[in-house]
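Visitor: What shape does this take:
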Amino acid sequence: MKYYYYWIALVVFVLDQITKKIVSGSMDVGDQISVIGEFFKIHLYKNNGAAFSMLPDQLLFFIIITIAVVTGIIWYIRRKRSSGRTLLLAALGLILGGAIGNLLDRALYGEVVDFFKLTFGSYIFPIFNIADIGIIMGVILILLDTILDVKNQGAKAPGIG
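Guide: Numbering: from 1, shown residues only. Got it, this is the predicted structure:
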């Protein structure tokens, strides 16, 4: 499928925005709904910082950085689209969709809607959303693509493998 990486970005973006609207439209900040006991809850939280609520109240900084990241990803996708590195391009699509989803929240509302809450014993993982899942999955796939590329390059080198 031509330009599948942009379709991936669009799917992440749309799912992110729909789920944020559903949760924020049906819950108040701080409300929680148990999905799997104490382990997994839907918990509406509005984050005015970066990932894991770091650097709160730096809205303009995050908007500028995210626009730069989105621009860089689009530039890199255009540069690599004929490389045959399907996994890399899919990963960049996931990150692009997530970045745009959180950027839109920051630009329109000054904060990001987060709502997935995981608890491991006494540790509560920072609350996150679909955009964050797309970004993290994209980073993991980039690492996997890099490992596979290094392995393939090593197998092609003379005298190795």
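Visitor: Enumerate every residue touching Lys156.
Guide: With contact set as C-beta atoms under 8 Å, 6 or more residues apart in numbering, Lys156 has no partners. Quick note: C-beta positions are derived from backbone N, CA and C, even for glycine.
Visitor: Quickly find the element holding the spatially most central residue of the chain.
Guide: The residue lying closest to the centre of the chain (C-alpha atoms, centre = their mean) is Ile135, at 2.2 Å. Per DSSP states H and E, Ile135 falls inside helix 130-156.
Visitor: List the buried residues in that helix.
Guide: Ile130, Ala131, Asp132, Ile133, Gly134, Ile135, Met137, Gly138, Leu141, Ile142, Asp145 (16 or more other C-beta atoms under 10 Å).
Visitor: Of those residues, which is the nearest to Arg81?
Guide: Within the buried residues of helix 130-156, proximity to Arg81 (C-beta to C-beta) peaks at Asp145, which comes in at 14.4 Å.
Visitor: my guess is that closest one contacts Arg85, does it?
Guide: Yes - with contacts counted by C-beta atoms under 8 Å, Asp145 reaches Arg85, the gap being 6.3 Å.
Visitor: contacting residues around the residue nearest to Gly134 when sequence neighbours are not counted?
Guide: In this structure, Gly134 finds its nearest non-sequential neighbour in Gly98, 3.4 Å apart by C-beta to C-beta, 6 or more residues apart in numbering. Gly98 makes contact with Val12, Phe13, Asp16, Ile130, Ala131, Asp132, Ile133, Gly134, Ile135, Gly138 under the criterion C-beta under 8 Å, 6+ apart.
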